[in-house]
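K.L.:
What follows is a predicted structure for the sequence shown.
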Amino acid sequence: MLDCMIVGDSIAVGVSQVRTECVSYSKGGINSYQWLNTYVSKTPLVAKHVIISLGSNDHKYIKTSKELETIRALTKADRVYWILPAIKPDIQEDVYAVAAMHGDVVLPITRLQKDGIHPSSAGYKQLAEKTK
């Protein structure tokens, strides 16, 4: 079993650059629907720790709650961490709801770049530390 897996969007890419020991299935700009349909059929989400960052790129035509629930149902891990999108309160609620159903940990991004979406360098390091 893998020790650590990181999945998701550009924020996941950034965390994987700090947590280089983790296997990463992440891509900048990807939404939860695209991620599910691109990666999950090829990659079982089985690891001791799984870190998920999805939702920031979702839009009104994506059923975020359904996509995240499906991804979580396919995840087998001792501990799952969700990185909370810094924007989109409705999607934040979806992340909290899915995490709560499974007893997962939700990590808000507290140190942001000027774009208000992505963590700063210190923010990525902080997220990486909290997922160890």
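P.N.:
Noted; the coordinates are in hand. Residues are numbered from 1 along each chain as shown.
K.L.:
What pLDDT is listed against the most far-flung residue of the chain relative to its centre?
P.N.:
Here the chain reaches farthest from its C-alpha mean at residue 114, the gap being 20.7 Å by C-alpha atoms, centre = their mean. On pLDDT, residue 114 comes in at 96.
K.L.:
Which elements pack onto the longest helix along the chain?
P.N.:
Ordering each helix of the chain by length in residues (DSSP state H) puts helix 89-102 first. With contacts taken as 3 or more C-beta pairs under 8 Å, 6 or more residues apart in numbering; DSSP states H and E, helix 89-102 sits against helix 64-73, strand 75-84, strand 105-108. In short, each C-beta sits where N, CA and C put it, glycine included.
K.L.:
now the angle from that helix to helix 64-73?
P.N.:
Going by axes from the mean of the first three to the mean of the last three C-alpha atoms, to 10 degrees, helix 89-102 is angled at 30 degrees with respect to helix 64-73.
K.L.:
What is the distance between helix 89-102 and the centre of its chain?
P.N.:
12 Å (C-alpha atoms, centre = their mean, to the nearest Å).
K.L.:
buried ones in it?
P.N.:
Residues of helix 89-102 classed as buried: 91, 92, 94, 95, 98, 99 (neighbour count, 16 or more other C-beta atoms under 10 Å).
K.L.:
contacts for that helix?
P.N.:
Helix 89-102 has contacts (C-beta atoms under 8 Å, 6 or more residues apart in numbering) with 55-56, 58, 64-65, 68-69, 72, 80, 82, 84-85, 104-106.
K.L.:
Quick one: buried ones out of the residues you listed?
P.N.:
For the contacts of helix 89-102, a neighbour count by 16+ other C-beta under 10 Å gives the buried set as 55-56, 58, 64-65, 68-69, 72, 80, 82, 84-85, 104.
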